[in-house]
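Chemist: what shape does this take:
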Amino acid sequence: MLAVENLEVVYNDVVLVLRGISLEVPDGSVVALLGANGAGKTTTLRAITGLLDIHEGEVTKGRVTWNGENITDLDPSRRVGLGISQVMETRRIFGEMTVDENLTAGGYVRGGDTVIRDKVYSLFPQLEERRRSVAGYLSGGEQQMLAIGRAMMQQPDLLILDEPSLGLAPRLVQEVRDIIAEINEQGTSVLLIEQNAMMALSIAHHGYIMETGKLVMDGKPEKLLADDDVREFYLGIGGEGDGGRRSFRDVKHYKRRKRWLS
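Modeler: I've put the predicted structure just below:
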């Protein structure tokens with residue numbers, strides 16, 4: 001469905017942020033893109049959704065294709081019309097509007113109607129109870145649900161989620177995880193960008209690990225979860241206990257060096 005091929009992105013004509021990124025999101029799948037802050041995950045999303053220009057970024061090499069069509073230079077609203085929707089980090093809801101009004105705004109480009117709204121409320125019964133409430137007064141978890149619900153009003157074929165668990169309590173993280181799984185079961189593909197690797201890999205069909213603008217590993221979740229370096233750096237399981245102070249690739253280099261010296 002979605003293919004990113006050998007993508008390079010430069011900001012302000014100076015900073016090379018993405019260095020030859022290639023990834024795929026097959027139809028009906030959940031794909032996780034993992035990495036620490038500054039790895040380039042959000043820039044990858046902006047390249048896919050067409051928001052780079054707003055942040056003075058530019059694709060200088062490679063392309064983004066949607067069902068075989070090159071959309072690298074397509075206007076963001078046209079990408080939404082094709083079936084690509086994004087939930088941005090920190091939710092970006094309309095705080096002074098009601099829950100209902102936020103959903104109405106979400107369905108504008110693709111003509112989301114009452115039937116679609118009812119489906120969104122069936123996913124988020126808490127929101128239906130507060131449909132007349134001002135969105136800015138919702139809890140953090142409810143605001144995240146509203147952001148996802150607003151994107152679902154566009155009836156997307158691909159839902160892109162940027163750090164949906166950020167700032168949420170563990171119970172709410174589990175709730176958001178279950179909602180993402182249900183959305184996928186109903187037929188929507190998902191590209192999930194997360195620092196919470198355990199949550200993301202628990203529902204993903206394939207995962208990519210990103211660092212400093214490059215992909216350093218990818219594979220099925222079981223393969224990634226079985227890798228000692230992934231477990232140490234992203235899950236905090238085992239290892240030297242200092243993976244958080246080094247990069248993922250530094251950890252791998254350090255361990256190889258230890259083996260050579262021994």
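Chemist: domain assignment for this structure?
Modeler: In the assignment given by automatic domain parsing, the structural domains of the chain cover 1-83+156-223, 95-149, 227-262.
Chemist: and the ones you listed, which one's lowest on average pLDDT?
Modeler: If you rank the domains of the chain by mean pLDDT, domain 227-262 sits at the bottom with a mean of 57.
Chemist: how about the domains of the chain in CSV, adding distance to Glu89?
Modeler: No exception for glycine: its C-beta is placed from N, CA and C like everyone else's. Formatted as CSV, these follow (distance: least, C-beta to C-beta, whole Å):
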stretch, distance to Glu89
domain 1-83+156-223, 4
domain 95-149, 10
domain 227-262, 18
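Chemist: burial count for Tyr208?
Modeler: 25 (other C-beta atoms under 10 Å).
Chemist: check which helix or strand covers it.
Modeler: Following DSSP states H and E, the helix or strand that holds Tyr208 is strand 206-211.
Chemist: distance from that strand to the middle of the chain?
Modeler: Distance of strand 206-211 from the chain centroid (C-alpha atoms, centre = their mean, to the nearest Å) equals 11 Å.
Chemist: what comes up buried for that strand?
Modeler: His206, Gly207, Tyr208, Ile209, Met210, Glu211 (16 or more other C-beta atoms under 10 Å).
Chemist: what pairs with the third one across the strands?
Modeler: By that I understand Tyr208. Tyr208 has these beta-bridge partners by DSSP bridges: Leu33, Asp218.
Chemist: hmm, it is touching Ser22, no?
Modeler: No: counting by C-beta atoms under 8 Å, Ser22 is not a contact partner of Tyr208; they are 9.4 Å apart.
Chemist: helices of the protein, residue ranges please.
Modeler: Along the chain, counting by DSSP state H, helices occupy 41-49, 76-82, 99-106, 114-123, 125-129, 140-152, 170-185, 197-201, 221-226, 228-235, 248-261.
Chemist: just give me the closest of the buried residues of strand 206-211 to Leu192.
Modeler: Distance to Leu192 across those (C-beta to C-beta) is lowest for Gly207, with 9.1 Å.
Chemist: related to what we said a few turns ago, figure out which of the helices of the chain is closest to Gly28.
Modeler: helix 170-185 (7.5 Å).
Chemist: now do the buried residues in that closest one.
Modeler: Leu172, Val173, Glu175, Val176, Arg177, Ile179, Ile180, Ile183, Asn184.
Chemist: that helix packs against which elements?
Modeler: With contacts taken as 3 or more C-beta pairs under 8 Å, 6 or more residues apart in numbering; DSSP states H and E, helix 170-185 sits against strand 30-34, helix 114-123, helix 140-152, strand 189-194, helix 197-201.
Chemist: how far off helix 170-185 does the second one point, in degrees?
Modeler: Yep, that's helix 114-123 we're talking about. 140 degrees (axes from the mean of the first three to the mean of the last three C-alpha atoms, to 10 degrees).
Chemist: so which residues make contact with helix 114-123?
Modeler: Contact with helix 114-123 is made by 100, 103, 107, 127-128, 131, 149, 152-153, 155, 179, 182-183, as judged by C-beta atoms under 8 Å, 6 or more residues apart in numbering.
Chemist: which of those residues are buried? Put it as a ChimeraX command.
Modeler: A single ChimeraX command suffices to select whichever of those are buried according to 16+ other C-beta under 10 Å:
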select :100,103,107,127,128,149,152,153,155,179,183
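Chemist: which one of the contacts of helix 114-123 is nearest Gly81?
Modeler: The closest of those, once distances to Gly81 are taken by C-beta to C-beta, is Gln155, at 10.6 Å.
Chemist: name the nearest of the buried residues of strand 206-211 relative to Gly28.
Modeler: Using C-beta to C-beta, these come closest to Gly28 at His206, 11.9 Å.
Chemist: run a quick neighbour tally on Ser22.
Modeler: Quick note: Ser22 (other C-beta under 10 Å) scores 13 neighbours.
Chemist: from Leu192, how far out is it?
Modeler: Distance of Ser22 to Leu192, given as C-beta to C-beta, to the nearest Å: 18 Å.
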